[in-house]
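1. Mind looking at a prediction? Sequence and model below.
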2 protein chains.
Amino acid sequence: MDPAEFRHQAHALVDWMSTYLEQVERYPVLSRAAPGDVRRALPRQAPERGEPFEVIFADVERVLVPALTHWNHPGFFAYFASSASPPGILGEMLAAALNQQAMLWKTSPASTELEETTLGWLRHLLGLPEGFEGVIYDTASISTLHALAAARERAVPGVGESGLPSGTRLAIYASDHAHSSVDKALMVLGLGRAALRRIPADRHFQMQSEALAAAIDEDLAGGTRPMAVVATIGTTSTTSIDPIADIAAICEKRGVWLHVDAAYAGVAASLPELRPHFEGWERADSIVVNPHKWLFTPVDLSVLYCRQMPALLAAFSLVPEFLRTAEGDSGVRNLMDTGIQLGRRFRSLKLWMVLRTFGAEGVRAVLREHVRLAHLFAGWVDADPRFERIAPVPFSAVCFRARGAAGQSPLDVDELNERLMDAVNATGELFLSHTRLDGRFVIRLAIGHYRTEQRHVERAWALLQQTLEGLGLRA
Amino acid sequence: MDPAEFRHQAHALVDWMSTYLEQVERYPVLSRAAPGDVRRALPRQAPERGEPFEVIFADVERVLVPALTHWNHPGFFAYFASSASPPGILGEMLAAALNQQAMLWKTSPASTELEETTLGWLRHLLGLPEGFEGVIYDTASISTLHALAAARERAVPGVGESGLPSGTRLAIYASDHAHSSVDKALMVLGLGRAALRRIPADRHFQMQSEALAAAIDEDLAGGTRPMAVVATIGTTSTTSIDPIADIAAICEKRGVWLHVDAAYAGVAASLPELRPHFEGWERADSIVVNPHKWLFTPVDLSVLYCRQMPALLAAFSLVPEFLRTAEGDSGVRNLMDTGIQLGRRFRSLKLWMVLRTFGAEGVRAVLREHVRLAHLFAGWVDADPRFERIAPVPFSAVCFRARGAAGQSPLDVDELNERLMDAVNATGELFLSHTRLDGRFVIRLAIGHYRTEQRHVERAWALLQQTLEGLGLRA
């Protein structure tokens, strides 16, 4: 494809992308594809001869588009949303063309320094002190893995060199509601999931700090070394908030690394009225915040803020000869020193464009509106005797369920709710996901897409009511 | 930014991107920015109010472009090149707009199944048997980490659950020339770099298989469990090739996992005339190949082919309630089960577009030309008594150096070569990197960019000759 042809095709693609984004509500949110649809529609081998882009793109429309779940749809209320906002897409387009690989400062000064600048902006927006240095990774799972590797290095200096010493028992603490990325990090780090102490949560799904203190002290007394506590601001199921200030005090007293998982909710620290939810997080050793969740940045972009950068560097820095540079000796940061990955995309570009296009004021306005919509929806749930709300709504997600008929067994009520969720999802107008709380099937409506407006939330509620009535009649 | 404004700005950006790619040779390959240039040119905080895209883009041109190292430049001969080919950029543009997050099949059937299809195409192109299942990760470092985690799971079943058992000693084997990602993986996995046995290489920088067998047998006799061998096809310094067939036999006999690092050179298996270099790699347990290196795909996209998918799944699968799906119970793959990362970009799209646009024939033609150019350059080096070639050229990279004047000390010759490299890099016309072999400073010219033509290699040689003469006069 020569340059002129690229220009032509890229313009055509931009038109398609623009129309797609304008008309995304025409598609069902959740794909209606059946397993194997895409695989069966494509040949088993690459073509021997190159094909014109028009032919390739015809397959995008024929084969791929029907198999998309539309994360861009304003009715995407499942999990946590991810928004491909216009400046985010423009940033990715430019990043793809520039194709920077920022392993070393000199292989991309622009990418290396823009990452530092942009993460400084975000840190300021979130009200975190300057002691937190930021690093961009792809996902929260990788950010948390790096945080826990740094914590392990601090607990067992030299572990990267010598490995986990025989006979050293380490423990990590997180609530029942912590994200599975904590488990995965422990599986990778050689500690095993068995090293995870699940601290019980209270009825608001918040870690019980007394139980945490007791568990740590019990381990200390028994010769197990407490390595880290993972506390969460905005848990995945209910967006509950662990008591960070209490937990920070417990960790400080005992010299335990505190990692705060604020992957979803962290950006809400930019709202003064929600800042109390974050009280104490500035005392953490590390914090993960994902702009690709609630900050209108296309996947992937996760940020780790770390107050213990020497531990992170000790855990990961390793410079082979072919990557030695004069700059590396004179104090610039080479991003490869801060992680597993040597190769680094120019991820900061999209976040920088998002922050400039929205402005701090624009970011706060969208977040504030999402929180307002969540409370609106929660109010409707609370006012309808056929439904019940299952958790507080500190941010923008609501956990709720249909109560079921009097005398229905818990299993029947679970099934009713599962059928309710599947039925509204089948309309194609919205996509809800579920969780299980205290053993019960619970529906989640999470608002976080920058295209979501009040009418979408109203429509979701109307569909839930209508569908429940339909199920009730058949029950 | 409303949809109409996005359309307008995206078209303007496409024009800029197209012109940039057409005129990339006007820029110096290696950025001339000084540390701090970007940081100092930008404000310390995000703007309070959103800004027009024209203002943002003016800063891209003013601040960022001068701080780019141009990986797109056909004179990029450093490290291993990465090409943002037109179909690769188009794929990234579309991926950004679609913003798929393929953690579960149902959150993106298109992305999940296109990954399987595209990796099937690539596997066929490389001549690997169907027993190899592929997974896309971001970088080779992450692919190798996953391979070694799977190997660890096979060596110590249940390690993900229980952690590394006290008293169990594990060892990993790789040559002196293996990539630093092996070290990093061991640092992360809790084994420590001390678990790595560096097997000496022969004078062609290839692992000595007898030394490998002896090291494994010594460990076995001493009660250390051999966990994995990492053999390389196309080492980072010299692109040397470990004797894979011999190593495979050694591993099979002793039940040791064989991971083959073919991150750079793997795609060359598509050339029948180079297939002998890959003899035996089909006996590996896992292989890493990076399309973002020599397959014209923008960063990031690394592929892990694994013949032991159950071990990989055992090492990483973990399904929390909020991610349970009906499809997950009925045999579709949920990509989150094959790795640390839960979030997954739609990376296969760009590779699929590259393979279709080039066609198998087109891919082979470009690779073949790069190999031809490397041999051409190696021939010039060999014919010039002022230079010497330091390593064989099995693929597309040439290691060489100026011999220096008779009687110059080794340190002086090293310095001469470093000055030579820095001086040609300072012209802005090309970018060479270095390595150290047998203690000596060695210059590398690695050809791998799809825009590189014979005239660029000729120019590199002319610049090297002229510059050496200039240095000689001053010496």
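-> Cool, the structure landed.

2. going forward, measure contacts between C-alpha atoms and count neighbours the same way
-> Fine.

3. A:His70 in helix, strand or coil?
-> Of the three states, A:His70 takes coil under DSSP: H, G, I helix; E, B strand; the rest coil.

4. For it, which residues are in contact?
-> Taking C-alpha atoms under 8 Å, 6 or more residues apart in numbering or on different chains as the criterion, A:His70 is in contact with A:Val24, A:Tyr27, A:Pro28, A:Val29, A:Leu30, A:Ser31, A:Phe76, B:Leu98, B:Gln100.

5. What is the neighbour count of the third one?
-> Neighbour count of A:Pro28, defined by other C-alpha atoms under 10 Å in any protein chain shown: 21.

6. Could you do the last one as well?
-> Each residue near B:Gln100 was counted by other C-alpha under 10 Å, and the total is 28.

7. was I right about it contacting B:Ser111?
-> Yes: B:Gln100 lies in contact with B:Ser111 (C-alpha atoms under 8 Å); the separation is 7.2 Å.

8. Touching both of those two, which residues are there?
-> Shared contacts of B:Gln100 and B:Ser111 (C-alpha under 8 Å, 6+ apart): A:Leu68, B:Phe346.

9. any idea how far the residue of the stretch 1-150 of chain A found nearest chain B is from B:Leu42?
-> Ranked by C-alpha to the nearest C-alpha, the top residue of the stretch 1-150 of chain A for proximity to chain B is A:Gly50, at 3.9 Å. Counting by C-alpha to C-alpha, to the nearest Å, the gap from A:Gly50 to B:Leu42 is 44 Å.

10. which intervals of chain A have sub-threshold pLDDT?
-> Applying pLDDT under 70 to chain A flags residues A:319-330, A:473-475.

11. Ramachandran angles for the residue of chain A positioned farthest from its centre?
-> Most distant residue from the mean C-alpha position of chain A: A:Arg49, 40.5 Å away (C-alpha atoms, centre = their mean). Note on A:Arg49: backbone dihedrals following degrees, to the nearest 10 are phi -110, psi 150.

12. My guess is it contacts B:Ala365. True?
-> No: if you go by C-alpha under 8 Å, A:Arg49 and B:Ala365 don't touch, sitting 11.1 Å apart.

13. ok, how many other residues are close to whichever residue of the stretch 351-475 of chain A sits closest to chain B?
-> The stretch 351-475 of chain A approaches chain B most closely through A:Gly359 (3.9 Å), counting by C-alpha to the nearest C-alpha. Neighbour count for A:Gly359, taken as other C-alpha under 10 Å: 18.

14. Next: A:Trp461.
-> Look at A:Trp461: counted by other C-alpha under 10 Å, it has 17 neighbours.

15. and the residue nearest to it when sequence neighbours are not counted, what helix or strand is that in?
-> Once flanking residues are discounted, A:Trp461 sits nearest to A:Phe377: 7.4 Å by C-alpha to C-alpha, 6 or more residues apart in numbering or on different chains. Assigned by DSSP states H and E, A:Phe377 falls within helix A:348-383.

16. name the helices or strands packed onto that helix?
-> Using 3 or more C-alpha pairs under 8 Å, 6 or more residues apart in numbering or on different chains; DSSP states H and E, the elements in contact with helix A:348-383 are helix A:86-98, helix A:109-126, strand A:387-389, strand A:397-402, helix A:454-474, helix B:53-59.

17. Apply 7 Å and report the result again.
-> helix A:86-98, helix A:109-126, strand A:387-389, strand A:397-402 (3 or more C-alpha pairs under 7 Å, 6 or more residues apart in numbering or on different chains; DSSP states H and E).

18. okay, the ones you listed in JSON lines with mean neighbour count next?
-> Output for these, formatted as JSON lines (neighbours: other C-alpha atoms under 10 Å in any protein chain shown):
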{"stretch": "helix A:86-98", "mean neighbour count": "26"}
{"stretch": "helix A:109-126", "mean neighbour count": "24"}
{"stretch": "strand A:387-389", "mean neighbour count": "19"}
{"stretch": "strand A:397-402", "mean neighbour count": "26"}
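
19. Fine by me, thanks again.
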